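Enquirer: Fold the following.
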Amino acid sequence: MMLRFPASLRHRRFRLLWAGLAISLAGSQMQVWALLWHIRELTNQPIALGGIGLARILPILVFSLVGGALADTVNRRNVLFITQSMMALTALALAWLTLQDRIALWQIYLLTAVQAVAIAFDLPARQALVPNLVPPEDLPNAFSMQSIAFQTGSIVGPALSGLVIAYGGLSYTYLINAVSFGAVLVALALIGPVAQQVQAGVQARVNLDSIAEGVRFILTQPIIWSTMILDFFATFFSSANTLMPIFARDVLHVGAVEYGWLSAAQSIGAMIAALVISQVEAIRRQGPIFLISVVGFGLATIAFGLSRTVPFAMLALMLVGASDSVSTIIRNTIRQLQTPDYIRGRMTSVNQVFFMGGPQLGEVEAGLVAQLFGAPFAVVSGGIGCILAVLWTVRRWPQLRAYNGDEPIRAGATAD
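Expert: Predicted coordinates:
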């Protein structure tokens, strides 16, 4: 059986953005896992690892809705130029402080928070830009390819991170990440101007009314709203990434190189799942598939919490990643197709609060539970909580079970 060339990559502008993101995401994932290892070197308290989640989510809660309104008001490509540059400078600051051996825990938290401010503006603009680069029929494939880019970076990044930490030092992981942002900046320059739609007869502004309009839209769309709620609770309970250094060093008794591969395991499974989905022309029964994938996410998390050998832990984490990949692709497709372009940035910003708030607050929760009862208990109980969240969501929004994926797409507005 021959693999089909992904439909979304036939579009030059999306292909450029995708390639730039694939490079940049590898660097970003190097930094994510290096930060956790760095914190574990500075302190052996699990709650300190949970603190990184708090440093990430607070700026998201404060700035995300503003970032969404901005993405619907000004050119999204221009927003990305600024945010990507800001994240590159933050990574450079981490590299310099670490190289000078002058970095403290509070500086890691502060620079992480600054980078999270950039992300609060970056993600709504980036997600809302994708439907401007491909036609609606290729949007599921585009999100599948984005997932592949993310998961490829999440495999290469942690694996390289472990090697760089072991043989070069933490500062070089941050430096490589800073350089990798250049790939996205070059891609944005080559893409050129990108038109986006505006709401007919309405002057776009960044104010409380425009933000409230985005929130009201979400609340009137039960399919979109229910996927956001489930996304939040599933990731809140099943966030095990923060505890990975503790599992590696204190449960599985392995070093930095093995830690890098454990950190990459979820993405190996996720990339396999995304590759399979990229070969599917049309995904039907999207609601049931979404719900089953979240249940699988919870079950695989429980299995990881019970693991005591590296091979079993790797397998469980691969299943975690595969189920999460299916869930992510389907829910992103649902939300983008059911949202008019003029309000996509605001929809994505509300979504950002949920899908980033869940895992980041979950990291705080996992750190607290691990501090009290141990890391394995924190992971297993989180997986159980994820499954309970699915059962509650199905009871609260039964229409999600019937969602097929070919429901009418909401009409957009005129292009500017």
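Enquirer: going forward, measure contacts and count neighbours with C-alpha atoms only.
Expert: Noted.
Enquirer: number of nearby residues for residue 130?
Expert: Counted by other Cα atoms under 10 Å, the residues lying close to residue 130 total 20.
Enquirer: nearest residue to it other than its sequence neighbours?
Expert: residue 14 (7.2 Å; Cα to Cα, 6 or more residues apart in numbering).
Enquirer: Please state the offset of whichever strand or helix holds that neighbour from the chain centre?
Expert: Remark: residue 14 resides in helix 12-42, with elements defined by DSSP states H and E. Put simply, helix 12-42 sits 11 Å off its chain's centre (Cα atoms, centre = their mean, to the nearest Å).
Enquirer: quick one, the helix or strand following it and helix 12-42 angle?
Expert: Using DSSP H and E, the next helix or strand after helix 12-42 towards the C-terminus is helix 46-71. Counting by axes from the mean of the first three to the mean of the last three Cα atoms, to 10 degrees, helix 46-71 lies at 160 degrees to helix 12-42.
Enquirer: Report all helices and strands that helix 46-71 contacts.
Expert: Applying 3 or more Cα pairs under 8 Å, 6 or more residues apart in numbering; DSSP states H and E, we find helix 46-71 packed against helix 12-42, helix 105-129, helix 208-219, helix 344-373.
Enquirer: so where do the helices sit in the stretch 201-350 of the chain?
Expert: For the stretch 201-350 of the chain, the helices defined by DSSP state H, counting those that start in this stretch cover 208-219, 222-237, 244-246, 256-278, 286-306, 310-337, 344-373.
Enquirer: ok now do the residue lying closest to residue 264 once chain neighbours are set aside, which residues does it touch?
Expert: Spatial nearest neighbour of residue 264, excluding adjacent residues (Cα to Cα, 6+ apart): residue 155 at 4.4 Å. Residue 155 makes contact with 26, 261, 263-265, 267-268, according to Cα atoms under 8 Å, 6 or more residues apart in numbering.
Enquirer: Okay, residue 155 and residue 266: tell me how far apart.
Expert: Distance of residue 155 to residue 266, given as Cα to Cα, to the nearest Å: 8 Å.
Enquirer: Apologies, that question was intended for residue 351.
Expert: On the measure of Cα to Cα, residue 351 and residue 266 end up 22 Å apart.
Enquirer: Distance check, residue 317 against residue 301.
Expert: As judged by Cα to Cα, residue 317 and residue 301 stand 7 Å apart.
Enquirer: try residue 394
Expert: Applying Cα to Cα, the value for residue 394 to residue 301 is 20 Å.
Enquirer: Please say which of these two ends up with more neighbours.
Expert: Using other Cα under 10 Å, the more surrounded residue of residue 394 and residue 301 is residue 301, with 29 against 16.
Enquirer: pLDDT wise, what is that one at?
Expert: We have a pLDDT of 90 for residue 301.
Enquirer: That one contacts residue 318, correct?
Expert: No. Under the criterion of Cα atoms under 8 Å, residue 301 makes no contact with residue 318, lying 10.1 Å away.
Enquirer: Output the contacts of residue 155 as JSON lines; include the columns pLDDT and distance to residue 368.
Expert: Below are the contacts of residue 155 laid out as JSON lines (pLDDT from 0 to 100; distance: Cα to Cα, whole Å):
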{"residue": "26", "pLDDT": "87", "distance to residue 368": "29"}
{"residue": "261", "pLDDT": "79", "distance to residue 368": "25"}
{"residue": "263", "pLDDT": "76", "distance to residue 368": "21"}
{"residue": "264", "pLDDT": "77", "distance to residue 368": "24"}
{"residue": "265", "pLDDT": "85", "distance to residue 368": "25"}
{"residue": "267", "pLDDT": "79", "distance to residue 368": "26"}
{"residue": "268", "pLDDT": "84", "distance to residue 368": "28"}
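Enquirer: now, among those, which is nearest to residue 371?
Expert: Within the contacts of residue 155, the smallest distance to residue 371 is 21.1 Å, found for residue 263 (Cα to Cα).
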